[in-house]
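[1] Model the following, please.
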Amino acid sequence: MSTTLRALSCCALATLAPLALATEGGGSTYPVGAENYLSGAMPPPGFYGQVFSTHYEADTLRGNDGRSLPVDFRVRANVIAPRLIWVSERQLFGGNLAFAALFPFVDLEVEVNGQSQSKRGLGDIIFGPALGFHHSDTLHSVLALDFIAPTGEYDRGDLANIGRNYWTIEPVLAISRIDPAGLNASVKLMYDFNLENSATDYRSGQEFHFDYAVGWGLGNGWVVGVGGYFYRQTTDDRQHGERIDDNKGRAFAIGPSVMYQNPEGWFLTAKWEQETGVRNRAEGDAYWLKLTVPF
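    Numbers count the residues shown, from 1 in each chain. You can find the predicted model right below:
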């Protein structure tokens, strides 16, 4: 299945738009790097609960040349995001039809040039349908269409915002290879179509990104390896109808990633991601936990 939470912290950067950060304020509606192992493996029909938990921290802003911008900056975000999943027995085009909705609860703190602000509350909700395919015992895939709704609190004059104030439509393709005693690999590919922020007349460019995880199953429920994400902004931002040049974002993240799958059907993943190769965005570290439990 698709989606989870990280980059809500970058909503805080909207007040720094004059520094030519990528997309509005240098952030994204989707939390890049959120997914881990099994992202392309839909479970059997039934109801499932997931809980994502993350801590993100950054104190560097990178410009178009990759150099640190002259800003005294720090952002810290803690997110707990429950997600409800229903996998039906109905099949469409050979895949099981499913629906999911994720509700991020955010604790955000921002410091910029001696000023600070913090906010807590519900962020932008992510929901949508999906189809799950099981090609073999080891190979699985998911096709999904996610909608990211502007439900989080937003004020164009605030330093910290926990919503981005615009809709995003996100097609998703996720593929997973699963082997309890061998190679495990997952990739979740996404493309974001961002609508306009009505408060600022700003439309962020389109974005391509994928989350990945590669590891080895130890035969006892554990998988160990690495994970992270790749991100590229593909089109220019626009404000008041005018194109903004030379501010497209990009980033890559990698770090250790582990998973434990219990024989009773629940599993837990954990990882640490360090961002590198960043352009026109914040650069920091993210820590992730994801618990999945059948009802």
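[2] First-to-last residue distance for stretch 173-182?
    23 Å (Cα to Cα, to the nearest Å).
[3] Report the mean per-residue pLDDT for that stretch.
    Stretch 173-182 shows an average pLDDT of 97 in the prediction.
[4] buried ones in it?
    Neighbour-count burial for stretch 173-182, with 16 or more other Cβ atoms under 10 Å as criterion, is recorded at Leu173, Ala174, Ile175, Ser176, Arg177, Ile178. Every C-beta, even on glycine, is put in place using the N, C-alpha and C of the backbone.
[5] What of stretch 46-55?
    Tyr48, Gln50, Phe52, Ser53, Thr54, His55.
[6] So which of the buried residues of stretch 173-182 is the closest to Ile125?
    Ala174 (19.9 Å; Cβ to Cβ).
[7] quick one: that closest one and Tyr37 touch, right?
    No: judged on Cβ atoms under 8 Å, Ala174 makes no contact with Tyr37 at a distance of 11.2 Å.
[8] re the thing from before, save the buried residues of stretch 46-55 as TSV, and put in pLDDT too.
    TSV is the format used below for the buried residues of stretch 46-55 (pLDDT from 0 to 100):
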residue	pLDDT
Tyr48	96
Gln50	96
Phe52	96
Ser53	96
Thr54	96
His55	97
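[9] Among those, name the ones in strands.
    Mapping the buried residues of stretch 46-55 onto strands (DSSP state E) picks out Tyr48, Gln50, Phe52, Ser53, Thr54, His55.
[10] ok now do the fifth one, which residues does it touch?
    Yep, that's Thr54 we're talking about. Residues near Thr54 by Cβ atoms under 8 Å, 6 or more residues apart in numbering: Leu5, Arg6, Pro31, Ala34, Ala77, Asn78, Val79, Ala81, Ala286, Tyr287, Trp288, Leu289.
[11] Also the fourth one?
    With contacts defined as Cβ under 8 Å, 6+ apart, Ser53 is in contact with Val79, Ile80, Ala81, Trp288, Leu289, Lys290.
[12] what does the last one give?
    Contact partners of His55, counting by Cβ under 8 Å, 6+ apart, are Arg76, Ala77, Asn78, Ala286, Tyr287.
[13] Please settle this for me: is the second one part of a strand?
    Right, Ala77. Yes: Ala77: assigned to a strand according to DSSP: H, G, I helix; E, B strand; the rest coil.
[14] Just flag the most distant two among the ones in strands among the buried residues of stretch 46-55.
    Tyr48 and His55 (24.1 Å).
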